[in-house]
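**Student:** sequence below, structure please.
(chains A, B and C)
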Amino acid sequence: MTAFRLPHGGLIDRSRPLSFSFDGKSMTGFAGDTLASALLANGRILVGRSFKYHRPRGILTAGSAEPNALVTVNTGGRTEPNTLATMQELHEGLRAASQNRWPSLAFDIGALNGLLSPFLGAGFYYKTFMWPAAFWEKLYEPLIRRAAGLGRASHDADPDDYEKCWAHCDLLVIGAGATGLAAALTAGRAGARVIVVDEHPVAGGGLLSETAIIGTQAAADFAASCATELQSMPNVRLLTRTTVFAWYDGNVFGAVERVQKHVGFPAPNLPVERLWRIAAKQALLATGAEERPLVFGGNDIPGVMMAGAMRRYLNCHGVAPGHRVAIFTTNDSGYGLARDLEAAGIVPQAIIDSRRDAIPDSYSGSARVVSGAVVSDACGRKSLSSISVLQNGKSEELKVDALAMSGGFSPVIHLACHRGGKPQWSDEHAAFLAPSSQKGLALAGAADGTAGLQACLEAGVSKAAALLGSLGFTAKPQALGPVEGDIAAGPAKPLWTIPGIREKAFVDFQNDVHRKDITLATREGYGHVELAKRYTTTGMATDQGKLSNVNAIGLLAEERGVSPADVGTTTFRPFYSPVSFGALAGATHGKHFMPARMSPLHEWAKKNGAEFVEAGLWYRSAWFARDGESGWRESVDREALNVRKNAGLCDVSTLGKIEITGADAAEFINRVYCNAFLKLPVGKARYGLMLREDGFIFDDGTTSRLEENRYFMTTTTAAAIATMNHLEFCAQVLWPGLDVRLASVTDQWAQMAVAGPKSRAILQQIIDDDISNDAFPYLAARDVSLFGGQVHGRLFRISFSGELAFELAVLADFGEATADALMQAGDTHGIQPYGVEALSVLRIEKGHVTHSEINGTAVPADLGFGRMASSAKADFIGKHMLSRDGLSARDRLQLVGVMPLDTTAYFRSGAHILAKDADATLENDQGHVTSSCYSPHTGSHIGLALVKGGSARHGEEILIWNALHGEYVPGRLCDPVFVDPANSRLSM
Amino acid sequence: MASLVPCPHCGLRPKEEFTIKGAALPRPSPDAGADAWLDHVYLRDNPRGALDEFWHHTSGCRRWLIVSRDTFSHEISACRDAADPAKERS
Amino acid sequence: MPEFQISRRPALSDKQPVTGPGIEISTPPPGAILHALAQPGDAGARGFIESALMSDIFSIRPVSPGQWFSVADDPLSHADFRNLCEALEPRVDLVDQSHGRTRIIVQGPQVEAMLAKGTAIDLHIDQFTVGSAASTLIGHVSAHLTRTGEHCFEILVLRSFAENMWDDLVRMSREFN
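**Tutor:** As a prediction, this is how the structure comes out:
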């Protein structure tokens, strides 16, 4: 005999049957069922195997603390392992499967572990798998992982959407039971912005399993009318199916809403889960209390259940736990269940009460009460068959198919301890209570140790009114009730150690920690709560010890002969219950993993055949392949050669651009660059080097003086954001007295490098102003007019390639049209677009550095900029650390060029430089190649390298060594400028 | 996962909008000498308790702020624009 | 000199507006966005800017101490921009951001719920009144947000992030339309 559906009763909708399957077997439940209640209604009480011993396990709870009934639901990409059957709402077509069993739930080979259990006690990992060490990775760990464990994740991509959301409120009420509803109503009626959150699909909490009368309504009806009133208030948001999982700094609460985990086919326009960050001025924890299991032998046998859970299945789902039911209790909770069972026609076989003469007045049932007694053992294999009751030293066996247990109540205080507060043991409440007086958060009701419905309703009202008062609201507390027929379960003496146990008595059901493990831990010197946790693994499973921790602490206390207050607790940390990776990732996955940043010339590049490369968030054109080209190298060689022969057009819009104005702009720029800028004339550009305060190079770029007090600075693409932040720091923090104003204009301008001997001829066709060498010499920088005044632009005579070159900036929306016009104007001159690969070839050929060389370890002198750092300036960022001895040492890594002796040889960036005849060891390392490419101009691979004392070693033969690829290339150090060392091409 | 910073210009904002530079220390004067500069650039206290730090409201007003916070409890006791006290100092 | 056809290609020029009962998303034709910069402590700067820029053309949105965006529906020629600069300098410097920022309008009865998926700012109308403006993160992208009506907001986003922002907003709006 086993659990079954009662002919009537419960909050389920019997007119809406739902079919589902468990381990392939078809079953039927009703709307309003959880998977757990539906399984029980189908007489299914064996639902899983335990973690270590593979013991048969049933449903223990009716909520989120469930340690046993973990199942895998759905299939394919929607597979969700470790779903709590007690929280999963039943829906049509739900497919669930048990876990941690092979080949089947009923016959599980892993159960042999039970026979090995003498060897699998606490610390067995540490004792058994010690040696030989090599066996750990290859043998022991895979073995343990296969045998122990939870469900398996799917390898398919999750097809559903997740998202994140912020919310703000005056009062956040966590938990919509009696206390929470009372608090929310009080706050809502006072006009405050209220958010009420409950993890179950329907508001009501314990009211839904309650048979008391509140006012004139049944408890569940009272909950429903409260919820209806709350939902009618525009200032109140009621979030059901939502778990608040953490309390963070700034009084922000993390919550996950299971928007569509209760449906078979999620609507495509809604996420399946939504991660909320709720910023609350005040929060009230009305999270209730968790009923404690009792640690007797066989307390994990299917059919043993928490008393409150049994009551919920009975009253909320119309499911009876069995035909022959016993109740083992340390407090009055068991009597409420007994009364309700009797009302359903099931008179308990016995109520075993650990107290003497403690039958509550409010219980008038007919069940036999065995006072001053304990259940020492439960017996049965895959389901409960009998219990041993021990009273006054005499043992009696009772035939039962269900046993309810209640070891008292632990307030659910986890959230209140997430920010460092420690739980406090209260002898009066026989429980750990939340740390007192924490800013922004209060507790009420059972979460605060309050017992009884009437008291909880009153606490909800009065706590909410007090919190609102602190926020300046005037709440008019309205009493709710009166309550009739409640059997309040007040605090009772805890029962940690139960005498006469023969079988395994489980403390932590999910991690299979039993009482003897705790004893062993204490005996072996691991009795400290933090050590015991790790030695026995109690509280370390996915349920984080919601049921087990307090019993482990109680047992440790008795083992050590101290109070639970002296044992203390382990640290409570987020998350209260597991949160899916999907919810944490939100919408940022796949294509949306990072924001994509597009140049104003993106479409131009695309239609010219660009292959794109990600550079930070930007998409940059890497090269422009042409028909017949065999690979990227061929395209890049062509583009680079064409720049030196004709002209090329390259999108450099991604460079950081900063407009600097203000009366002290010149002084400011002079202080942030290491070289002199004070006397830069209007209409001129200058290369500038920015240092960090420690003297190392931060970034480089050009700055042009467009007007007396208007400058245009460019930065590298990579350091654009960091440079703007740095300049703002200098302006706002270091020198707030300077009148300097900074505006990022990176996105305002489409910027094109037009480089090559024909660049001027091409540009002159679209630029109205005279740009001849006389009118617009090297380093000229001016506003220009284009296309007969149609477009405004800025022209800079600067060159990264070493050729005659310009950078033209036009207003971004005109970028594509301007680039098109340049291609048209340059057609007869042989213009071709070139990408960042060719750009890189051209700059390496010219010995220009980028962040490959400006790598955070280089000072100006290392890169040949020693004379740029102005000694005449009294101050600039980096000046004061630059003169340190070490930064001028002769053997510092310095910039050199490197070429292979054999021009057909290939080497790559990252390779080490060794002296010619030195052994290939890191001890002989002389530096490394920072940039390398095939140079079509020189007909050889070339590179830039940072080499010890390199500037004095030009001409020296060396070995280019790449140990990773086994490459040994004889080479020679040389001048880093491979093209036009005299710079004659710049001023054509 | 979350915390809120009371920007004096923008109100409460999540930490994701900010960039943190580190301890709010005054820059030595140009002639402060090598030891003072070495201290400034490399040496930092790591207090348990009150600490003033430079935070940049990068995705907000783009002002540099001095956030006074407790490194243990994470409580923020004050937040002001970094330019204000700097002006008073000089 | 050959004749060139020069046309503007604003970001989002290929996007169709989103319409629906809950949310509408659109991008207006390109207008003018001027970044006005004063010294942070200049208390009268805003009034000074308002007096120089015609209030029927420009609306002023605070950005940061001493900084404002002046937004107009119609584009501004470079010559007109220079004239405005001269009227305001040296007390206030103008930087043209008309091409650097893209305007997106989001409106509808669910617009606050939609934006709450992106920004941590409390957009309750009592807290963020009509005319309020702020720079903030929307998702992972910085943007400038102004409430222009009870259920209407203007977003100014860097041009390079405009498409990304648009796609994010469309996703955020899906459940409301």
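
**Student:** spatially central residue for the chain, please.
**Tutor:** All of this is about chain A. The centroid of chain A falls nearest to residue A:584 when counting by C-alpha atoms, centre = their mean (4.8 Å).

**Student:** could you do chain C instead?
**Tutor:** residue C:156 (3.4 Å).

**Student:** pretty sure that one contacts residue C:138?
**Tutor:** No. Using C-beta atoms under 8 Å, residue C:156 is not in contact with residue C:138, being 10.8 Å away. Just so you know, the C-beta spots here come from the backbone N, C-alpha and C atoms, and that holds for glycine as well.

**Student:** for the two, list the residues in contact with both.
**Tutor:** Residues touching both residue C:156 and residue C:138 by C-beta atoms under 8 Å, 6 or more residues apart in numbering or on different chains: residue C:145.

**Student:** can you give the strand pairings for the longest strand seen in chain C, parallel or anti for each?
**Tutor:** Counting by DSSP state E, the longest strand found in chain C is strand C:141-149. Take DSSP bridges as the rule and strand C:141-149 pairs in its sheet with strand C:133-138 (antiparallel), strand C:152-158 (antiparallel).

**Student:** and the residue nearest to residue A:246 when sequence neighbours are not counted, its phi and psi?
**Tutor:** Leaving aside its sequence neighbours, residue A:246 sits nearest to residue A:574 (C-beta to C-beta, 6 or more residues apart in numbering or on different chains; 3.3 Å). Backbone torsions for residue A:574, taken as degrees, to the nearest 10, come to phi -60, psi 150.

**Student:** was I right about residue A:574 contacting residue A:544?
**Tutor:** No. Taking contacts as C-beta under 8 Å, residue A:574 lies outside contact range of residue A:544: 10.3 Å.

**Student:** give me the low-pLDDT residue ranges for chain B?
**Tutor:** B:1, B:85-90 (pLDDT under 70).

**Student:** same thing but 80
**Tutor:** Chain B contains residues with pLDDT under 80 at B:1-2, B:85-90.

**Student:** close to chain C: what parts of it are there?
**Tutor:** Residues of chain B that fall close to chain C, judged by C-beta under 8 Å from any C-beta of the partner chain: B:4, B:9-14, B:16-17, B:58-63, B:81, B:83.

**Student:** and those, which of them are in helices?
**Tutor:** Among those, the members found in helices (DSSP state H) are residue B:83.

**Student:** was I right about residue A:366 contacting residue A:348?
**Tutor:** No. Assessed by C-beta under 8 Å, residue A:366 is found out of contact with residue A:348, at 9.2 Å.

**Student:** which residues does the residue nearest to residue B:41 when sequence neighbours are not counted contact?
**Tutor:** In space, residue B:41 comes closest to residue A:694 once its chain neighbours are excluded; the distance is 4.9 Å by C-beta to C-beta, 6+ apart. Residue A:694 is in contact with A:878, A:881, B:41-42, counting by C-beta under 8 Å, 6+ apart.

**Student:** out of those residues, the closest to chain C would be?
**Tutor:** residue A:878 (26.0 Å; C-beta to the nearest C-beta).

**Student:** now the residue in chain C that chain A sits nearest to: how far from chain B?
**Tutor:** In chain C, the residue that lies nearest chain A is residue C:100 (3.2 Å; C-beta to the nearest C-beta). Look at residue C:100 and chain B: by C-beta to the nearest C-beta, to the nearest Å, they are 15 Å apart.

**Student:** then residue A:436?
**Tutor:** To chain B, residue A:436 is 16 Å away according to C-beta to the nearest C-beta.

**Student:** wait, isn't that residue in contact with residue A:426?
**Tutor:** No. Judged on C-beta under 8 Å, residue A:436 makes no contact with residue A:426 at a distance of 10.6 Å.

**Student:** with adjacent residues omitted, what lies nearest to residue A:81?
**Tutor:** Nearest one to residue A:81, counting by C-beta to C-beta, 6+ apart, is residue A:151 at 2.5 Å.
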